[in-house]
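A.B. asks: Fold the following and give me the result.
(one chain, ligands or ions: 1)
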Amino acid sequence: MDKLVIGNWKMNGRRSANGALLAALLGETACNRRGVSVAVPAVYLADVAAQLAGQSLTLSAQDVSQFADDGAYTGEVSAAMLAEFGIEYVLLGHSERRQYFGEDNRLLGAKFDAASNAGLVPVLCVGETLAEREAGQAESVIATQLEVLLGRASGHLVIAYEPVWAIGTGKVATIEQIAAMHAHIKQWVLQNAKGADSIRVLYGGSVKAENADAVLSTPNVDGALVGGASLNASAFRKICEAAEKLIQYGNSQDVNLGC
Ligand SMILES: O=C[C@H](O)COP(=O)(O)O
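C.D. replies: Below you'll find the model as predicted:
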């Protein structure tokens, strides 16, 4: 059973510290393997791509331009440019980008198409705020965010469920909350986005070394999107080890949704 782990560095890093962190991760078989990736700030892509050359740990991006073709889009980074650096996954619609940059379904649809057409694997991030959850709106909010996939689902979909109230707070969602929402997401995709060959749903929101086993062994959790802990080699290694252990021994609790 695959357990994808993506470390999202967010807007963190300096060249020397990045090199030391990656050197530590590359020395760990649990981290330097297919199924583990680091999403780094765009300015460091060349550095990191060079250091990861020939390694199994892969490079991912945190965003991509909605404009597919080169042109007068100051400050943007196109999917074709990312593809030149061997990018595997590209995060789309992270809650921080929705919050600070107003990313909505229309924009994310264009980003999704640009990424897919360039051969990158989009990771569509969805998540509700605490107010939405407390109002009983969590599943409807997620369903609305998933509508980006309408007419676009094909190949191997990756979705990251990241309850906004669990990001960076140390307040990880309960296993029951995670299990319920991951099943909801997979059912929604099965019913509304029938073109998908497969769907993986990652959990993100205060995943740490101490909770990784429980989170990753939750039904319908296919991996983790890790923020803060990905900046610490020891913590990230322990999360990757938890994922690797489950790959070896399997996790047959997942609901078979036939996709
Ligand atoms: O992309 C990662 C998520 O925002 C989770 O971040 P966190 O692990 O620091 O809570």
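
A.B. asks: in the sheet, who's paired with the nearest residue to residue 230 once chain neighbours are set aside?
C.D. replies: Take residue 230 and drop its neighbours on the chain: the residue closest to it by C-beta to C-beta, 6 or more residues apart in numbering is residue 7, 2.9 Å away. Where you see a C-beta, it was placed from the backbone N, CA and C, and this is true even at glycine. Legend: beta-bridge partners of residue 7 under DSSP bridges are residue 38, residue 226.

A.B. asks: Correct me if wrong: residue 7 contacts residue 48.
C.D. replies: No: counting by C-beta atoms under 8 Å, residue 7 sits too far from residue 48 to count as a contact (11.3 Å).

A.B. asks: okay, those two: which has more neighbours?
C.D. replies: Here residue 7 and residue 48 are compared on neighbour count by other C-beta atoms under 10 Å; more neighbours surround residue 7, at 28 against 24.

A.B. asks: now for the helix or strand that contains residue 234, which elements pack on it?
C.D. replies: Residue 234 belongs to helix 233-249 when assigned by DSSP states H and E. On a contact count with 3 or more C-beta pairs under 8 Å, 6 or more residues apart in numbering; DSSP states H and E, helix 233-249 meets strand 4-8, helix 15-26, helix 212-216, strand 223-226.

A.B. asks: Tell me which of those approaches the ligand most closely.
C.D. replies: Of all the helices and strands packed on helix 233-249, strand 4-8 sits nearest to the ligand, with 3.5 Å by C-beta to the nearest ligand atom.

A.B. asks: Quick one: distance of that closest one to the chain centre.
C.D. replies: 6 Å (C-alpha atoms, centre = their mean, to the nearest Å).

A.B. asks: What confidence value was assigned to the nearest residue to residue 149 once chain neighbours are set aside?
C.D. replies: Once flanking residues are discounted, residue 149 sits nearest to residue 193: 4.4 Å by C-beta to C-beta, 6+ apart. At residue 193, the model reports a pLDDT of 87.

A.B. asks: Settle this for me: residue 137 is touching residue 128, isn't it.
C.D. replies: Yes: applying C-beta under 8 Å as the test, residue 137 and residue 128 come out as touching, 6.8 Å apart.

A.B. asks: if you count what's nearby, which of these two comes out ahead?
C.D. replies: Using other C-beta under 10 Å as the criterion, residue 137 and residue 128 rank with residue 128 on top: 23 against 14.

A.B. asks: Touching, that one and residue 141? I think so.
C.D. replies: Yes: in terms of C-beta under 8 Å, residue 128 counts as a neighbour of residue 141; the distance is 4.4 Å.

A.B. asks: Let me know whether residue 55 touches residue 32 as I believe.
C.D. replies: Yes: using C-beta under 8 Å, residue 55 makes contact with residue 32 at a distance of 5.7 Å.

A.B. asks: overlap in contacts of the two?
C.D. replies: Common neighbours of residue 55 and residue 32, using C-beta atoms under 8 Å, 6 or more residues apart in numbering, are residue 26.

A.B. asks: What separation do you get for the residue in the chain that the ligand sits nearest to and residue 17?
C.D. replies: Closest to the ligand within the chain is residue 227: 2.3 Å, counting by C-beta to the nearest ligand atom. Counting by C-beta to C-beta, to the nearest Å, the gap between residue 227 and residue 17 amounts to 16 Å.

A.B. asks: between those two, which one's more packed in?
C.D. replies: A count of neighbours by other C-beta under 10 Å puts residue 227 above the other of residue 227 and residue 17, at 22 against 11.
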